[in-house]
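could you look at this predicted model? Sequence included:
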Amino acid sequence: MTTTFLVVSSLVKVLAILLITVGGFAPVLIWAERRQSAMIQDRLGPSRAAITLPASAVTFIDRARLPMWRLAALTGIVAIVALVTLTFIAVKGSNPLPISTSSLTASLVAFGGASVVLRAGYGVHGMIVRNGGKIMLIGLLHPVADALKFIFKEDFVPPKADKLLFSAGPIIALIPAIAAFAVIPFASSLHWDYLNQVLPRTGEIAGPVVPLQVASINVGILFIFAIASTGIIGAAISGYASDNKYSLLGGIRAASQMVSYEVVLGLTLVPAFMIYASLRLEDMTMWQHDHMWGIFVPPLTLAAVNFFVAAVAETKRVPFDLPEGESELVGGYLTEYSGMKFGMFFMGEFVEVVSLAAIASVIFLGGWDVPFLYRDGFEFSLPFVAASYSVPLVHWLVVAIQFVVFLFKIIALIWFQLMIRWSLPRFRYDQLMSLCWKGLLPISLLNILVVGAFILSGWLDGWVAFFEKLF
Amino acid sequence: MAVEVKVIKKPGRTIAEQIYIPEIAKGLGFAMGRFFQNTFGPQAKKEIDTVKYPEEKVEYPERFRGVHRLTHRVDGSPRCVACLCCSTACPAQCIHIEPAEYEPDDPRHGYERYPSVFVIDELRCIFCGYCVEACPCDAIRMDTGIHMPPSTNRDHFLFDKETLLSIPGRDGSYLTANPRHEPGDATHPGIDRERGH
Ligand code: SF4
Ligand code: SF4
């Protein structure tokens, strides 16, 4: 692998991660959080931001609807005819028609796709007309409106604030949140030369390999801890630099809370290191790919719950959002921030939510692992029966499925975090601290002991063997 | 009679509540149920209360005090007799009336006046309804069922006589349910300047 290839592929990966987190997840999360809370509370939530089309465009759209529907029906009929012919050929085993099978398949895909797209367009256009020419996209334009507002809002700096630190705070809070993604594997490695082939299930494969992970480093998860603890500095500095007592109190609270929970966060993951016997996240995923998801190993189930609680506390979100407890501290360390600086804190918080979900799914939910999907495609096998059914898939498709499933796991965990955020009331500060030092810390220490016993007594191997027999 | 004392026990906390985790699970379960019902559930089961305002509207309650209107007589002229009761009663002092006399040959001349200018500043008005209460002639009403439409121009909020006369009541009528007895009508009690009290 040449250096150029390495540099280019790394840059592409970094850009992709930025696009997914800052460009994709963060804005959508801003919307999702409000929309989800609304749904819980029987409201509709943000759905009003709209781009209004001129009346002439609306008339045009209205007129275009009927032809669209007709075209959709026409292409649909062609696709169905192609499908029927193809089935006929498949049943008969040979092709007596003057049209080749491949062109039939191509027309099925083309016309079927066109039909679906046109039908969807018909629906969307109808919605626009019904809304009086307003494109609302179920409220997804709200993040755009928010961003515009953030950009054009006055960027206020308190007169006696420490200007440099005040401006550095949001950056220090945002960057580590994004940097944590560097070591997260998004899918299994990509074998560049064999994209269109079905790879063998096991064995080494020659040729250039692109790991779908920005940096494959030895310390792996420790890098995430190191980076995450930098976030403390962001909160503490901005609290200090704001020249506001509420901000200072918020910053202090944030610092002490994050320092405390960092300890727990590290200790809850020690059992995972012991079982996976590696600090690298890609090795952890590989172990889970080979054996089973971490959450199904009994002691790790407890570790997963502990980790999740500690991680929510680490991101300073409800029910642990005391640093910005608005009933006591106005806005905590965010009090004096406005405009895009506030936006950066906000974004950092949401990116942290995403990275937390990503880490949790890599360590406990198998990362990119999809049940029954191997390097050569799906193979479904039933427990205790020798029967199995396999679907061979080409390499790029396998990787794409893994990537999509990984994103899906992240989304599910984010959804769960938002659910927690809107269901639980805030803790008191002493409760927060005693939960950390008297609750989670001893439990995770004990868990380490239990896992040690679990491994040494051979139960782990027994459990793994039992699980493998099951599937 | 002995005073009866009913001891109400302070609701204690059960072990399950103290442990906190079952309660968390219950709360999360409830919220999730709500979420799924409202997001993916069948349309009939959704309990969204939001009204998409400009497109959907909720009818105001019957006694809602909306923008004012000046009621008409059967001939279309304002019922108002420019007695200034309403502008006197108005706590916001937002009614401006300039009374005028009818022409000498008008049967109403010398009996009642009419407003040549009648302006209400709807921006200043606090919608207390005192003007409606004060009016002896049922000439001013707030039963239009509409609120003041928003505008970026203050002048749009100054409703003059013509505007006020052009707004119908909620039932679409410019009149009121109370009939008016004009001088000269058979139903008129016969008290006017000519015939004396
Ligand atoms: S509603 Fe009240 S404030 Fe408004 S005009 Fe009538 S008396 Fe004045
Ligand atoms: S509206 Fe009624 S109270 Fe006001 S001046 Fe006219 S008659 Fe008098």
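Done, it's in. Ligands and ions are numbered 1, 2, ... in the order given.

domain boundaries for chain B, per the record?
Annotated domains of chain B cover B:16-49, B:69-166 [automatic domain parsing].

these two touch, right, residue A:64 and residue A:122?
No: assessed by Cβ atoms under 8 Å, residue A:64 is found out of contact with residue A:122, at 9.1 Å. No exception for glycine: its C-beta is placed from N, CA and C like everyone else's.

more neighbours: which of those two?
residue A:122 (20 against 13; other Cβ atoms under 10 Å in any protein chain shown).

worst mean pLDDT among the domains of chain B?
In terms of average pLDDT, domain B:16-49 trails the rest of the domains of chain B, at a mean of 83.

and that one, what's buried?
B:27-28, B:31, B:34-35, B:37-38 (16 or more other Cβ atoms under 10 Å in any protein chain shown).

how about it against chain A, any contact?
Yes: Domain B:16-49 lies within reach of chain A by Cβ under 8 Å from any Cβ of the partner chain, at B:24, B:27-28, B:30-32, B:34-35, B:38-39, B:47-49.

residue B:115: neighbour count?
There are 23 residues near residue B:115, going by other Cβ under 10 Å.

quick one, what contacts it?
By Cβ atoms under 8 Å, 6 or more residues apart in numbering or on different chains, the contact list for residue B:115 reads B:78, B:80, B:82, B:97-100, B:161.

longest helix of chain B, counting residues only.
As assigned by DSSP state H, the longest helix anywhere in chain B is helix B:21-39.

name the nearest residue to the most centrally placed residue in chain B, ignoring sequence neighbours.
Centroid-nearest residue in chain B: residue B:65, 0.8 Å away (criterion: Cα atoms, centre = their mean). In this structure, residue B:65 finds its nearest non-sequential neighbour in residue B:142, 4.3 Å apart by Cβ to Cβ, 6 or more residues apart in numbering or on different chains.

measure the one you found to chain A for me?
Distance, residue B:142 to chain A, using Cβ to the nearest Cβ, to the nearest Å: 30 Å.

and residue B:75, by the same measure?
On the measure of Cβ to the nearest Cβ, residue B:75 and chain A end up 41 Å apart.

quick one: secondary structure of that residue?
The three-state label given to residue B:75 by DSSP: H, G, I helix; E, B strand; the rest coil is coil.

go on, residue B:104?
Three-state call for residue B:104 (three-state DSSP): coil.

I'd like to know how many residues surround it.
The number of residues packed near residue B:104 is 7, by other Cβ under 10 Å.

so who does it touch?
Residue B:104 neighbours (Cβ under 8 Å, 6+ apart): none.

that older thread, so the residue nearest to residue B:65 touches residue B:67, yeah?
Yes: if you go by Cβ under 8 Å, residue B:142 and residue B:67 touch, sitting 7.2 Å apart.

residues near whichever residue of the stretch 301-450 of chain A sits closest to chain B, how many?
Relative to chain B, the nearest point of the stretch 301-450 of chain A is residue A:423 (4.2 Å; Cβ to the nearest Cβ). Residue A:423 has 21 neighbouring residues, counting by other Cβ under 10 Å.
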